[in-house]
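K.L.:
task: produce atomic coordinates for the following.
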Amino acid sequence: MKKIFESRSEEETERIAAGLAEKAGPGMVITLDGDLGVGKTVFTKGFGAGLGIKTVINSPTFTILKTYEEGRIPLAHFDVYRIIDPLEMDETGYEDYFFGNYVSLVEWADNISELIPEDAVHISIEKDLQKGFDYRKITVTKNEREIVK
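P.N.:
As a prediction, this is how the structure comes out:
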């Protein structure tokens, strides 16, 4: 199943993400793909807000993983841009997050594609400058999980 959303501002991207978070459940893995500066962290901020997280969410580019516990479901935010070998993920304890009580958002998931569960939800964020500097096309693709109905 595929669903496309269009956003024309950071606030709109955050609202879309918050709406998707309302359908998230423990053990859900969501991949976030898109070029640098396209808004993956903006999306994650909105997703966190949708889970009820009040803490400021920022990118874990240098730490690979940041967790947020205070929401309806705890959030594990991965940025695996710097991962060269998927075996490096063992150091993060990723399996505890992917298959535990967390919802996991994974930026640059192509770097660890063999570790991503088959039932993961895939979100792609793209710019289209012909539609405006702030325009984003957000494509959500899933197999079995109920997140886009």
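K.L.:
hey, let's count contacts and neighbours off CA atoms from now on
P.N.:
Noted.
K.L.:
now the residue of the chain positioned farthest from its centre: how far from residue 81?
P.N.:
Taking Cα atoms, centre = their mean, the residue of the chain most remote from its mean C-alpha position is residue 130, at 25.5 Å. Taking Cα to Cα, to the nearest Å as the measure, residue 130 falls 28 Å from residue 81.
K.L.:
which phi and psi does the most centrally placed residue in the chain have?
P.N.:
By Cα atoms, centre = their mean, the mean C-alpha position of the chain lies nearest to residue 105, the distance being 3.5 Å. Phi and psi for residue 105, reported as degrees, to the nearest 10, are phi -110, psi 130.
K.L.:
wait, what's in contact with residue 133?
P.N.:
When contacts are counted by Cα atoms under 8 Å, 6 or more residues apart in numbering, residue 133 is found next to residue 127.
K.L.:
can I assume residue 2 is in contact with residue 124?
P.N.:
No: assessed by Cα atoms under 8 Å, residue 2 is found out of contact with residue 124, at 10.9 Å.
K.L.:
now list whatever residues contact both of the two.
P.N.:
Joint contacts of residue 2 and residue 124 (Cα under 8 Å, 6+ apart) are 139, 140.
K.L.:
would you map the strands across this structure?
P.N.:
Applying DSSP state E to the chain gives strands spanning 2-7, 29-33, 65-68, 75-79, 103-107, 121-127, 136-141.
K.L.:
just those strands: most buried one?
P.N.:
Mean neighbours per residue, mean count of other Cα atoms under 10 Å, is largest over the strands of the chain for strand 103-107, with a mean of 27.
K.L.:
show me the contacts for residue 142.
P.N.:
Residue 142 neighbours (Cα under 8 Å, 6+ apart): 1, 2, 119, 120, 121, 122.
K.L.:
change it to 10 Å
P.N.:
1, 2, 3, 30, 118, 119, 120, 121, 122, 123, 148 (Cα atoms under 10 Å, 6 or more residues apart in numbering).
K.L.:
again with residue 104
P.N.:
24-31, 65, 67, 74-78, 94, 97-98, 120.
K.L.:
what of residue 32?
P.N.:
39-41, 43-44, 78-79, 105-110, 121-125, 138-140.
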